[in-house]
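Asks: just to be clear, the model below is a prediction. Sequence and coordinates:
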Amino acid sequence: MLRRAPLLGIPPVPIPHNPKGRTAMKDDELLMPSQVARIFHVDPKTVTRWARAGKISSIRTLGGHRRFYRSEVERAIAEALDDSERQASL
């Protein structure tokens, strides 16, 4: 995506896809909170709370909506499974 400065004759400036500097693969799908909620079997508001608490990272669209990388969701699932397995073995 390119942003142009209006009427100033300034060349377009590339906007980074992920402003937090995380490296995501080009193929990495962006998921809406409702899609992530379906995966975890929770309410979409819970997913938003997790994002605010830093439990799962998200990005914001230009309109301010949260989106989650599928790879990040899969990492969170694997982490949750590892935690549950550790607790079960105690």
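Replies: Cool, got the structure.
Asks: now the helices for this structure?
Replies: 33-40, 44-53, 70-89 (DSSP state H).
Asks: what does the average pLDDT come to for the longest one?
Replies: Translated: helix 70-89. For helix 70-89, mean pLDDT rounds to 84.
Asks: so which bits of it are buried?
Replies: In terms of neighbour count (16 or more other Cβ atoms under 10 Å), helix 70-89 has its buried residues at 70, 72-73, 76. Backbone N, C-alpha and C define where each C-beta goes, glycine included.
Asks: out of those, the closest to residue 64 would be?
Replies: residue 72 (19.0 Å; Cβ to Cβ).
Asks: from memory that closest one sits against residue 57, does it?
Replies: Yes. Using Cβ atoms under 8 Å, residue 72 makes contact with residue 57 at a distance of 5.4 Å.
Asks: rewinding a little: which one of the buried residues of helix 70-89 is nearest to residue 87?
Replies: Closest approach between these and residue 87, by Cβ to Cβ: residue 76, at 16.6 Å.
Asks: so what's the closest one closest to, chain neighbours aside?
Replies: Nearest in space to residue 76, with sequence neighbours left out and distances taken as Cβ to Cβ, 6 or more residues apart in numbering, is residue 56 at 4.9 Å.
Asks: just checking, what packs against the longest strand along the chain?
Replies: Criterion DSSP state E: the longest strand present in the chain is strand 66-69. Identification of packing neighbours for strand 66-69 by 3 or more Cβ pairs under 8 Å, 6 or more residues apart in numbering; DSSP states H and E yields strand 30-31, helix 33-40, helix 44-53, strand 59-60.
Asks: quick one: closest of these to residue 85.
Replies: helix 33-40 (17.1 Å).
Asks: tell me the angle of that closest one relative to helix 70-89?
Replies: Helix 33-40 runs at 30 degrees relative to helix 70-89, counting by axes from the mean of the first three to the mean of the last three Cα atoms, to 10 degrees.
Asks: quick one: low-confidence parts of this structure?
Replies: Scanning the chain for pLDDT under 70 picks out 1-27, 90.
Asks: cutoff 80 now
Replies: 1-27, 83-90 (pLDDT under 80).
Asks: noted, bye for now.
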